[in-house]
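Trainee: the sequence and its predicted three-dimensional model are supplied below.
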Amino acid sequence: MNVLKSTCFGFAMAIALVSSAQPDRWQQRTEYIMEIDLNVESNQFTGKQKLTYFNNSPETLDRVFYHLYLNAFQPGSMMDIRSRTISDPDKRIQDRIYSLGPDEIGYHQIKTLTQNGKPVDFNVKGTILEVELNAPIRPGKRAVFEMEFESQVPVQIRRNGRNNKEGIDFSMAQWYPKMCEFDYEGWHANPYIGREFHGVWGDFDVSITLDSSYTVAATGYLEPVRPAAGKKTWRFLAPDVHDFVWAADPDYRQITVEGPNGVQMHFFFQPTDSTTIANWEALPEKAIQCMEIMNRDFGVYPYKQFSTIQGGDGGMEYPMATLIVGEISFAGLVSVTVHEMLHNWYQGVLATNESLYPWMDEGFTSYAQNRILNEIWERGQDNPHAEDFSKYNRAMDMDLIESLTTHSDHFKTNRGYGLAAYTQGAIFCAQLEYILGEETFLKGMRQYFDEWKFKHPNPTDFKRVLEQTSGLELDWYFQYWTQQNDLLDYAVLSVIEENDSATIYLEKVGLMPMPFDIEVQYSNGTIEDHYIPIRMMWGSRPLKEGEIPHIDWPWTFPTYSFKVPLNGVNIERIVIDPRGFTADADRENNEFPRPQYIPNKEYLYSE
């Protein structure tokens, strides 16, 4: 048993026990052993990689694929062309790749590659290495691939690279030849265009040798650092992760604190000025709060280490670590730290295929971020997602919304991708909280995390957990919100008072159905909360104390009515969805009084 397997045996056994809950969802597995030697003057490194690949699928594999991400940072690459032809290029990229010189580009040059000790034929196509196997890998069998490669670290363009705007020497993300994922949907050999990722669960044993003046921060658990002729070798062991990131700089200062459940939380930053130092010294307290809230509401972080690393380029998540921008306001530093840390639940541990379902990572993360920042900063917001709802409705008016079923790399615009992944994804969760009730929804989120961690869940897996938790049917919601982009709009049509009672008429203006809360205010100051489910739910969320339920509304009926007793008073105001927890397109028609209309009684559904 090698050192990594010995170190991680107990952890791997725990994962195996969890995985047994879903015996039908097999997972491929990898074991990486890598030795990297970086020349900090030439910005080039040599690498040796031994990769043991376990075929746990029911299929026989006659070829495999690797990602070669650094090849994207060359003039004429698919990432370069896409950035220069899309209508709204990422301002951080634009034509910067096209302008790189030979000593500024990134590349991987594969020198040798063997399978079980014998050379194999391979073909490099941009950022993908296609390998024709000299012997098929049959179900339940393994193969050992050994590779030697030479690489150049590009000038920092996006996520990875050197000498970025904050002066971090090396931000090493997507930096090594990485086996593509093969799952129940087949191979995912997607060229690197600049979006999201999907990877194979595995163990990493990575040794990084470079100039002795540098400090290295990375995914995994650090072994004792070894000196080597003016250099140092930093060795990290990372069990059950699907990626590995590292960064290096001679000026890094490190802060280490103990977080929840004994997690060692590390913070690496450049102490460039007094403000930056003060911000980073205050950051651990907020990061601890963030992890405590996530453990409480969404599931317990399973590793014993997490590193927040100044990488100098926005923020990007990786297992057990994140690279973030570091020279910003304290509020901004907390916000980006919280967001990227939360990815360790949804991208690091659950690891849905982000290329296909970016909203299940970015959106779930953004939803949780809104809640956590509301609590950390003690804002007391009743709806911490209000800005996302406003942003979504503005985008609907501008016709920028695209379907959540769109592959990450194939959105028409960068803005459409951002809205789908972050905004629509966050609203997806916020509306589920509204549909199920907060307590039931959070219970479902914890169950989802516990049941599907380390298994790459898809939308149906998530839906079934919430259905089992709530007892409600949710097909309708997933269909309308992730596939159809139909308008959500309900209105108060009119209120007719007679014989000391009032009939409240409502209209379903848009095509998307939604259960909703209605607040009725009376002239004596009394406020009543009413609740109308939709029939397709086959049930309702738990009622709040004093809330008045009504019969379910079949979606084919455009109008609906119910009666309330007046008891000698008058109705002063009615509001649909008073907390603003739905993406209702027209908030003005949610309220009474307003110009009233009498519905066509033939199509009216009433109690």
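Mentor: That came through, no problem. Bear in mind the structure is a predicted one, so any value in this text is a computation, not a measurement.
Trainee: what ranges of the stretch 501-607 of the chain fall below the confidence cut-off?
Mentor: Along the stretch 501-607 of the chain, segments meeting pLDDT under 70 span 595, 597-598.
Trainee: strands along that one, start to end?
Mentor: 501-508, 516-522, 527-532, 548-549, 559-565, 571-576, 591-592, 604-606 (DSSP state E, counting those that start in this stretch).
Trainee: doesn't L419 fall inside a strand?
Mentor: No - assigned with DSSP: H, G, I helix; E, B strand; the rest coil, L419 falls outside any strand and is helix.
Trainee: mind checking which helix or strand of the protein has the lowest mean pLDDT?
Mentor: Lowest by mean pLDDT, DSSP states H and E among the helices and strands of the chain is helix 3-19, with a mean of 38.
Trainee: which of the strands of the stretch 501-607 of the chain sits closest to I435?
Mentor: Closest to I435 of these, according to Cβ to Cβ: strand 516-522, at 9.5 Å. All C-beta spots, glycine's among them, are computed from the backbone N, C-alpha and C.
Trainee: the residue most central in space within the chain and S99, how far apart?
Mentor: Nearest to the mean C-alpha position of the chain, by Cα atoms, centre = their mean, lies D361 at 1.9 Å. Distance, D361 to S99, using Cβ to Cβ, to the nearest Å: 31 Å.
Trainee: ok, Y422 next?
Mentor: From Y422 to S99 the distance is 29 Å (Cβ to Cβ).
Trainee: higher neighbour count, those two?
Mentor: Y422 (22 against 12; other Cβ atoms under 10 Å).
Trainee: pLDDT at that one, what is it?
Mentor: At Y422, the pLDDT value in this model is 96.
Trainee: list the contacts for I518?
Mentor: Counting by Cβ atoms under 8 Å, 6 or more residues apart in numbering, I518 touches 504, 529-532, 574-576.
Trainee: show me where pLDDT drops low in the chain?
Mentor: For the chain, the ranges with pLDDT under 70 are 1-24, 595, 597-598.
Trainee: if you set the cut-off to 80 instead, what comes out?
Mentor: 1-24, 159, 195-196, 312-315, 594-606 (pLDDT under 80).
Trainee: which parts of stretch 560-571 are buried?
Mentor: Neighbour-count burial for stretch 560-571, counted by 16 or more other Cβ atoms under 10 Å, picks out 560-562, 564, 566, 571.
Trainee: excluding its backbone neighbours, what's nearest N393?
Mentor: A585 (5.9 Å; Cβ to Cβ, 6 or more residues apart in numbering).
Trainee: wait, the one you found touches L487, no?
Mentor: Yes - using Cβ atoms under 8 Å, A585 is in contact with L487, at 5.4 Å.
Trainee: which of the two has more neighbours?
Mentor: Taking other Cβ under 10 Å, A585 and L487 do not tie; A585 has more neighbours (17 against 14).
Trainee: residues in contact with the more buried one?
Mentor: 393, 396, 487-489, 510.
Trainee: CA atoms of the longest helix along the chain as PDB?
Mentor: The longest helix of the chain (DSSP state H) is helix 274-297. Provided in PDB are the C-alpha atoms of helix 274-297 (Å, rounded to 0.1, in the frame of the first residue of the first chain):
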ATOM      1  CA  SER A 274      -1.500  47.800   5.600                       C
ATOM      2  CA  THR A 275      -5.000  47.600   4.200                       C
ATOM      3  CA  THR A 276      -4.400  44.200   2.500                       C
ATOM      4  CA  ILE A 277      -2.800  42.800   5.600                       C
ATOM      5  CA  ALA A 278      -5.600  44.000   7.900                       C
ATOM      6  CA  ASN A 279      -8.300  42.500   5.600                       C
ATOM      7  CA  TRP A 280      -6.600  39.100   5.300                       C
ATOM      8  CA  GLU A 281      -6.000  39.000   9.100                       C
ATOM      9  CA  ALA A 282      -9.700  39.600   9.700                       C
ATOM     10  CA  LEU A 283     -10.800  37.100   7.000                       C
ATOM     11  CA  PRO A 284     -10.500  33.900   9.000                       C
ATOM     12  CA  GLU A 285     -13.200  34.800  11.500                       C
ATOM     13  CA  LYS A 286     -15.700  35.300   8.600                       C
ATOM     14  CA  ALA A 287     -14.500  32.100   6.800                       C
ATOM     15  CA  ILE A 288     -15.100  30.100  10.000                       C
ATOM     16  CA  GLN A 289     -18.600  31.500  10.300                       C
ATOM     17  CA  CYS A 290     -19.200  30.600   6.700                       C
ATOM     18  CA  MET A 291     -18.200  26.900   7.200                       C
ATOM     19  CA  GLU A 292     -20.200  26.700  10.400                       C
ATOM     20  CA  ILE A 293     -23.400  27.800   8.600                       C
ATOM     21  CA  MET A 294     -22.800  25.500   5.700                       C
ATOM     22  CA  ASN A 295     -22.200  22.600   8.000                       C
ATOM     23  CA  ARG A 296     -25.500  23.400   9.800                       C
ATOM     24  CA  ASP A 297     -27.700  24.100   6.800                       C
END
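Trainee: looking at this, V206 is in a helix?
Mentor: No - V206: not assigned to a helix; according to three-state DSSP it is strand.
Trainee: please name the bridge partners of it.
Mentor: M34, F236 (DSSP bridges).
Trainee: could you number the chain from 319 rather than 1 from now on?
Mentor: In the new numbering, first residue 319, that becomes V524.
Trainee: now the contacts of I836 as a markdown table including distance to F467 and neighbour count?
Mentor: Shown next, in a markdown table, are those (distance: Cβ to Cβ, whole Å; neighbours: other Cβ atoms under 10 Å):
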| residue | distance to F467 | neighbour count |
| --- | --- | --- |
| I822 | 70 | 23 |
| D847 | 63 | 15 |
| H848 | 65 | 18 |
| Y849 | 61 | 16 |
| I850 | 61 | 22 |
| I892 | 67 | 23 |
| V893 | 62 | 17 |
| I894 | 60 | 23 |
